[in-house]
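[1] fold the following for me, if possible:
(chains A, B and C)
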Amino acid sequence: MNELIFFINKVLISGAILGSIYALGAVGVTLIFGILRFAHFAHGDMMTLGAFVSYILVTLLVAMGVTAPIPLGILVLPVAMAIAAVIALGIDKGFYAPLRARGSKPVVLLIASIGVTLMIQGLIRLFAGVGTRSFFDAEAKDIFRIDMSWLGATRDISITEPQIWMIGLTVVAVILLHIFLTGTRLGKAMRAMADNMDLALVSGINTALVVRVTWVIAGSLACLAGTMLALDVTLKPDLAFNIVLPIFAAAIVGGLGQSYGAIAGGYLVGFAETLAVFNWSAVLRPLNDVLPAGWSLPQNLALVPTEYKLTVAFVILVVVLLVRPTGIFRGAST
Amino acid sequence: MSMRALVLFGGLLLLVLCVNLVMGTPYTVRMSVEALALSIVVLGLNIQWGYGGLFNFGVMGLMMVGGYAGMAMSVPLNIAFWNSDGPMMLGRAILAAGLGAVLVVLAHQAKRFGIRGKWGTALKVAAWFIAYVGYRTQIDPAADYIEATSGFVGGLGLPVMVGWAFGAVLAGIVAYVIGNIALGLRTDYLAIATIGISEILRALIKNMDWLTRGTLTVSPIPWPTPLPQDLQADGMSIDHSFIVARLFYFVLLLILVLVILFLVERAYKGPWGRMMRAIRDNHVAAAAMGKDVKARQRELFVFGSALMGLGGAVLVSFAQIFDPAGYQPINHTFIIWVMVIVGGAGNNYGALFGAIFIYVVWVISEPLATALFTTLSGWSDQIGWGAIPEIESRALQMRVFVLGAVITIALRYAPQGLLPEVIGGKRRS
Amino acid sequence: MALVSLHDVTAGYGGAPILHGVNISIEASDVGVIVGPNGAGKSTALKSIFGLLKVSEGSIVFDGDDITNRSPDSLVPKGLSFVPQEHNVFTSLSVSENLEMGAFTRTDDFADTMTEVYDMFPDLKLKRHQRAGELSGGQRQMVAMGRALMSRPKLLLLDEPSAGLSPRYMMEIFAQVARINQTGVGVLMVEQNARQALGFATKGFVLANGSNLFTGTGQDLLNDPDVAKSFLGGHQP
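    Predicted coordinates for the structure are as follows:
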């Protein structure tokens, strides 16, 4: 049984965590692509920025002596997400809207988003330094261990409190997004605009409003994802820059512009990464008893070495782009 | 060159002289050598983006390939490796890779034997998997063995210039493969694909310790010109030796850059360049006129990438160290793009200007920010807020912000660059 | 007073103008049809009304207001609706969502209008939860027209509503256009099937090379030997 628990801890839980973060990021990327037709490269840094906003709020609360039964990083999320949404609107107004107004091509906007990436990174490091911070200096990070001895296992399934929040909040965010996209006038207008921009204009849809709503959603989801990532590991200035490509991989796997595809793509890439570096020999060890004498399983049976974990996402990205650039869920709605 | 170009280059010279005044000659000569080496890379990107409209965001990967190739050619032989079982084991790994490649090629031809659809796909996936596992069973022990006994495979001890040439060739070969698989993609998809490929190349070069020594780094890498130490051995003072040795390197590089500039400028003005611009501006019409658009774009991609590889090799030689961990998209891809766009895509003089100007801005941002922060820190200390901590590491980040600000401002207010492309005596509107 | 009138409109896509001083004017009770050979500027005339391209000279007056070069989203609330020739439905949205999008500018309850549209096109009511991309060409045209009616327009602009449709669907669409007109909505449409369209049009405009060639009632134009010879393919009743 220990093998199974090892698998649950290493693959199922890790994959779900990673997948949640990728999914939340990829939804933002895919919405922006659907509405504004460009690959928003600065999305990773909007996540980092969102995490820093949360961190500042937590530091304020700690300074005021506030304590709560839930992690403070989760408590401040609504406010942090609102601030991040405003920042996202500001970035659009300051850097992308003028280029759009001039009728620039998508590639120009992509380059501009790289410029924004650099500015955010520079600013964060300028003010926060390059060091690593933790949300859990003032409070403890609870770890839940589920005793599995009743199944004859000696190991526990272990999951931390932020990880539970992360999976739960991702589910909530996805459900809310679904309700928004299929049940509200603005959500439907958003899908309509992603479907056919010219017809949306002709129908009298307020496209400027839809663009603003897109940034609000993308910005707040980026803040959510970034804060969760920082709660799970630590907060550092290059927190999300390194995962912006896996996020793009998730969005492209799901088909750029398709929100549900992006969520599925996020989990797909997340699980692919954890499965690829998972050492199968740990699970298959019982087979050693069955194998003929003199035979034994190699110590390491991982598909790719651990140092190539992120590379798995890049390979998925490139292969999907080459083989099926419209994503693997062709035909799925929005 | 136009009046505008003369003024801009004159201003640039003044800027460099100012740097010289403040930071000293050794610093300035080093900066100039690095700027020239980067300008080769920028000319390469200008061929791809400026001439051909190709969106290559994998500059870093190609510079790494060139840097590795230059290193591998020019560092001395590793006798310990050649005397060990390493070559044998590597030979087996190469054989396994070859067999795997045959298998994959066969699987991709499966439709000739009537295997199509899902079965064809399954066959391809299976072939890739078997080839991969087969290769891994051979390379893993070989890699472990080499890393344990002799460190890495070492170099070939050939002249440095041969290494540079090989850097260009190897980058060209890699680009040929990338171009073959990726050039059919839409522009923004191509950008994302090339970023991904560049990251894969980085991960490979960084982690294949047996081949590249990975994060353990390789040094010293020889120079094509005398090293400062050589000049010191001839009795030159230490201060002078650095300046003179770097100047030698600078002159050699300047000749190289001028030759490249001459060649690319000629190609641009000739029929080849006209055809490339025709394809860039309207590839549908060009295809309708019977031009093989994809083959032409691949040409551009390979030539441009070869220059990137060359520039990468020159930089590694100059630094005397090959450190795969030192490559970052910001320092090796994005900055090159900023150089091309600020300089003026499609204009080689613009690219040259952009390369040097942006590099100077990039390097002097740090001392400027340090000076600024130290002053601010002094004030805040005086008024009782305390000094600013970690000034050094923060100041280093200033240049990242400056780079981002420069590119967004350039896109908004001078999208054609400071020296825009000139067509038929007129600037592109 | 005319519902919409173009006075000497010169317009184009940024390069050389395509329309050279075109005059068109219809009343709310009219079905106006613009016919003419390919490249005559028929669609351009419609698009210039709806602010989809630049009018460089002349003016366009709708319902008493000058609307020259106004943006499309400001024209919909004023009572203009436009059905493009191609890509005129949101393929990934359901039929009912498509109709809702037509009512985006309305703040009141539009359930009644939706019932009216479903009454007019019973096929759509059956398929209201289906995605518009899955419908046939004729049904898509109905969705497109239904979407345009959802904003309760005073003037409906139709760009070749019968393009690519079978004769059966074409006649059905024309019948619906006539019915829409009877409810007090002015219609201005561009048509390739000139003979059938002029048959029920109250006003016809023949354009060629971006200028007016003939103007009259539909019957007048049908009976005009010059028009018939040049544009209707032979002189038949």
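
[2] tally of neighbours for residue A:290?
    Residue A:290 has 7 neighbours, counted by other C-beta atoms under 10 Å in any protein chain shown. All C-beta spots, glycine's among them, are computed from the backbone N, C-alpha and C.

[3] then residue B:112?
    Neighbour count of residue B:112, defined by other C-beta under 10 Å: 8.

[4] spell out which parts of the stretch 201-334 of chain A neighbour chain B.
    Within the stretch 201-334 of chain A, the positions adjacent to chain B are A:245, A:248-249, A:252, A:305, A:307-308, A:310-311, A:314-315, A:317-318, A:321-322, A:325 by C-beta under 8 Å from any C-beta of the partner chain.

[5] buried subset of these, written for ChimeraX?
    Buried members of those, defined by 16 or more other C-beta atoms under 10 Å in any protein chain shown, are picked up in ChimeraX with:
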select /A:245,248,249,252,308,310,311,314,315,317,318,321,325
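
[6] now the residue most central in space within chain B: closest residue in space, sequence neighbours ignored.
    In chain B, the residue lying closest to the centroid (C-alpha atoms, centre = their mean) is residue B:63, at 2.7 Å. Leaving out its chain neighbours, the residue that sits closest to residue B:63 by C-beta to C-beta, 6 or more residues apart in numbering or on different chains is residue B:312, at 3.2 Å.

[7] residues in contact with the one you found?
    Counting by C-beta atoms under 8 Å, 6 or more residues apart in numbering or on different chains, residue B:312 touches B:41, B:62-67, B:70, B:167, B:171.

[8] pLDDT at residue B:202, what is it?
    If you check residue B:202, the pLDDT there is 94.

[9] what count of nearby residues applies to it?
    By the measure other C-beta under 10 Å, the count of residues near residue B:202 is 23.

[10] quick check on residue 38: phi, psi?
    Answering for chain A, as no chain was given. The phi and psi values for residue A:38, taken as degrees, to the nearest 10, are phi -140, psi 160.

[11] to clarify, I was referring to chain C.
    Residue C:38 adopts backbone torsions of phi -60, psi 140, taken as degrees, to the nearest 10.

[12] can you get me a residue count around it?
    Neighbour count for residue C:38, taken as other C-beta under 10 Å: 6.

[13] how much space between it and residue C:221?
    18 Å (C-beta to C-beta, to the nearest Å).

[14] just residue C:125 next, same as before
    37 Å.

[15] those two - which one has more neighbours?
    For residue C:125 and residue C:221, the more surrounded residue by other C-beta under 10 Å is residue C:221, and the numbers stand at 25 against 15.

[16] contacting residues around the residue nearest to the more buried one when sequence neighbours are not counted?
    In this structure, residue C:221 finds its nearest non-sequential neighbour in residue C:204, 4.2 Å apart by C-beta to C-beta, 6+ apart. For residue C:204, the contacting residues are C:32-35, C:198, C:214-218, C:220-221, by C-beta under 8 Å, 6+ apart.

[17] from those residues, which shows the smallest pLDDT?
    residue C:218 (82).

[18] report how many residues lie close to it.
    When neighbours are defined as other C-beta under 10 Å, residue C:218 has 21 of them.

[19] does residue C:214 sit in a helix, a strand or a coil?
    strand (DSSP: H, G, I helix; E, B strand; the rest coil).

[20] next one, pLDDT for the spatially closest residue to residue B:92 that is not a sequence neighbour please.
    Distances taken as C-beta to C-beta, 6+ apart place residue B:138 nearest to residue B:92, at 5.0 Å, with adjacent residues excluded. Listed pLDDT for residue B:138 reads 91.

[21] neighbours of residue B:138, just the number please.
    When neighbours are counted by other C-beta under 10 Å, residue B:138 registers 20.

[22] same for whatever helix or strand it lives in, what does it pack against?
    Using DSSP states H and E, residue B:138 sits within helix B:117-149. Applying 3 or more C-beta pairs under 8 Å, 6 or more residues apart in numbering or on different chains; DSSP states H and E, we find helix B:117-149 packed against helix B:79-82, helix B:86-108, helix B:209-212.

[23] and that helix with helix B:86-108, angle?
    170 degrees (axes from the mean of the first three to the mean of the last three C-alpha atoms, to 10 degrees).

[24] now helix B:117-149, how far from the chain's geometric center?
    Centre-to-centre, helix B:117-149 and its host chain are 29 Å apart (C-alpha atoms, centre = their mean, to the nearest Å).

[25] likewise stretch C:190-209?
    On C-alpha atoms, centre = their mean, the centre of stretch C:190-209 falls 12 Å from the chain's centre.

[26] quick one: terminal-to-terminal distance for that stretch?
    The first and final residues of stretch C:190-209 sit 15 Å from each other (C-alpha to C-alpha, to the nearest Å).

[27] if I look at the residue nearest to residue A:7 when sequence neighbours are not counted, how far off is residue A:155?
    With C-beta to C-beta, 6+ apart as the criterion, residue A:7 has its nearest non-adjacent residue at 5.5 Å, and that residue is residue A:283. Distance of residue A:283 to residue A:155, given as C-beta to C-beta: 13 Å.

[28] okay, and the common contacts of these two?
    residue A:6.

[29] so where is the chain shaky, pLDDT-wise?
    As the question left the chain open, I've gone with chain A. Filtered on pLDDT under 70, chain A yields the residue ranges A:1, A:330-334.

[30] switch to chain C, that's the one I care about
    In chain C, residues with pLDDT under 70: C:1, C:232-237.

[31] would residue C:11 count as being in a helix?
    No: the assignment for residue C:11, made by three-state DSSP, is strand rather than a helix.

[32] wait, the residue nearest to the centre of chain B sits on residue B:315?
    Yes: look at residue B:63 against residue B:315 with C-beta atoms under 8 Å: they come within range, at 7.3 Å.

[33] related to what we said a few turns ago, so which of the helices and strands packed on helix B:117-149 is the most surrounded?
    Stretch with highest mean neighbour count among the helices and strands packed on helix B:117-149: helix B:209-212 (a mean of 20; mean count of other C-beta atoms under 10 Å in any protein chain shown).

[34] one step back: tell me what the residue nearest to residue C:221 is bridged to.
    residue C:33, residue C:216 (DSSP bridges).

[35] from chain B, how far off is it?
    38 Å (C-beta to the nearest C-beta, to the nearest Å).

[36] do the same with residue A:262
    Applying C-beta to the nearest C-beta to residue A:262 and chain B gives a distance of 14 Å.

[37] check which helix or strand that residue maps to.
    helix A:259-277.

[38] for that helix, packing partners?
    Using 3+ C-beta pairs under 8 Å, 6+ apart: helix A:259-277 touches helix A:14-36, helix A:161-183, helix A:244-253, helix A:309-323.

[39] turn those into CSV, including distance to residue B:87.
    Below are the helices and strands packed on helix A:259-277 laid out as CSV (distance: least, C-beta to C-beta, whole Å):
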stretch, distance to residue B:87
helix A:14-36, 40
helix A:161-183, 48
helix A:244-253, 36
helix A:309-323, 27
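
[40] for the ones you listed, which one ends up most surrounded?
    Neighbour counts (mean count of other C-beta under 10 Å) averaged over each of the helices and strands packed on helix A:259-277 peak at helix A:244-253, with a mean of 30.

[41] residue of the stretch 201-334 of chain A closest to chain C, please.
    Of all residues in the stretch 201-334 of chain A, the one sitting closest to chain C is residue A:204 (2.9 Å; C-beta to the nearest C-beta).

[42] can I take it that that residue is in a helix?
    No: with three-state DSSP as the criterion, residue A:204 is assigned coil and is not in a helix.
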